[in-house]
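# Predicted structure and sequence below. I'll ask about it afterward.
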Amino acid sequence: MQKIRDDVRAVLGYLESSPGIETLEVDAARAGLIASAGPADLPYVPTPIVRDLDGPVPARLYDPRETPEDGPVVVWFHGGGFVTGGIETHQAFAADVARGLGLPVVLVDYRLAPEAPFPAAHDDAQAMARWVASGPAELGFEVDGLVLGGDSAGGTLAIATAMALRDEPAEVPVLAHLAIYPATDETDTAYPSRAEFAEGYLLTGAGRAWYRRHLRPDPEDLRSSPVRGELAGMPPGVVLTAGLDPVRDEGRAYAQALIGAGVPTTFVEAAGVIHAFVLMRKVLPSVREDLDRAFGALRAYL
């Protein structure tokens with residue numbers, strides 16, 4: 001068992017009296033994530049250019065440059081278990097990613113379950129990545145490559161979209177992909193972390209079952225279980241896991257599979273940290289160093 005960081009311990013103590021997501025209706029869960037992201041995360045600081053995009057899927061552009069130049073674009077898929085989350089919950093993080101990488105970020109507002117169950121989010125993610133790759137005029141610059149990234153469910157989408165664009169390439173290449181605490185295997189494989197952190201570490205076994213009940217994924221579909229697919233030829237990958245997380249071992253397995261397939265890969269684990277930490281950078285200041293390591297590795301691939 002990894003040592004729990006002091007800031008993580010304080011957050012877990014606060015959450016002890018909070019109801020589990022499995023006790024909530026979908027609308028309440030969505031509202032709760034919006035309400036918690038504000039005080040828990042760093043404040044939203046807009047980039048010089050912030051623009052809603054009129055693509056196949058709602059999305060927002062965050063460009064850190066005063067004057068746009070041709071180059072790569074980061075396409076970011078937010079977390080929330082495919083049921084919650086959106087631009088409002090992740091705009092602060094997306095804007096900070098844009099500033100940290102010095103690249104424009106397109107934050108994708110894909111459809112959510114249960115209104116749009118599997119594979120709607122995956123279809124939206126691929127459609128938006130291909131649209132950005134086509135270099136639409138409203139971006140204001142020419143696109144010469146994509147970086148696909150996401151946290152939690154968004155990490156799964158980044159992986160699945162990278163696989164789809166490897167098999168049927170878009171107009172520009174995928175230069176790299178970043179998956180932060182992704183779920184990579186919806187089968188009943190007995191990963192030790194699923195049992196070890198099933199209770200008491202924010203994302204519980206009951207919570208995961210709640211998300212899956214609404215999403216209705218197909219465990220045998222490689223979009224749900226990409227770790228079971230062929231990974232040769234994938235773009236360079238950065239995988240960042242949380243040490244106290246039921247999906248930790250799926251992320252570890254994915255990084256190991258990438259390496260085994262000969263894909264340039266950097267694996268980073270935030271030891272002693274819980275799931276969903278990208279939305280808790282204010283109350284979990286220690287995770288900023290872990291994120292810096294992951295994004296530093298991503299910059300090296302670019």
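Perfect, thanks for sending it. What you are looking at is a predicted structure, and each value in this text was computed from that prediction instead of being measured.

# How about stretch 197-212, which residues are buried there?
If you call a residue buried by 16 or more other C-beta atoms under 10 Å, then stretch 197-212 has these buried ones: Phe197, Tyr201, Leu202, Leu203, Thr204, Gly207, Arg208, Trp210, Tyr211, Arg212. The way it works is simple: take the backbone N, C-alpha and C, and place the C-beta from them, glycine included.

# okay if I get the residues you listed as TSV plus pLDDT, distance to Ala158 and secondary structure?
As requested, those are arranged in TSV below (pLDDT from 0 to 100; distance: C-beta to C-beta, whole Å; DSSP: H, G, I helix; E, B strand; the rest coil):
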residue	pLDDT	distance to Ala158	secondary structure
Phe197	97	23	coil
Tyr201	97	23	coil
Leu202	96	21	coil
Leu203	97	19	coil
Thr204	96	24	coil
Gly207	97	22	helix
Arg208	97	19	helix
Trp210	98	23	helix
Tyr211	98	18	helix
Arg212	97	19	helix
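
# Identify all contacting residues around stretch 219-229.
Applying C-beta atoms under 8 Å, 6 or more residues apart in numbering, the contact partners of stretch 219-229 are 118-119, 122, 156, 159-160, 163, 184-188, 217-218, 250, 253-254, 257.

# ends of that stretch, how far apart?
12 Å (C-alpha to C-alpha, to the nearest Å).

# buried stuff in it?
Using 16+ other C-beta under 10 Å as the burial criterion, the residues of stretch 219-229 that qualify are Asp221, Arg223, Ser224, Ser225, Pro226, Val227, Arg228, Gly229.

# Could you do stretch 283-298 as well?
By 16+ other C-beta under 10 Å, the buried positions in stretch 283-298 come out as Val283, Leu284, Val287, Asp290, Leu291, Arg293, Ala294, Phe295, Ala297, Leu298.

# Closest one of the residues you listed to Gln2?
Distance ranking of those against Gln2, using C-beta to C-beta, places Asp290 first at 13.0 Å.

# contacting residues around the closest one?
Applying C-beta under 8 Å, 6+ apart, the residues near Asp290 are Leu240, Val268, Ala270, Val273, Phe277.

# that's a helix at Ala179, yeah?
No - Ala179 is assigned strand when assessed by DSSP: H, G, I helix; E, B strand; the rest coil, not a helix.

# which of the contacts of stretch 219-229 are buried?
By 16+ other C-beta under 10 Å, those give 118-119, 122, 156, 159-160, 163, 184-186, 217, 250, 253-254, 257 as buried.
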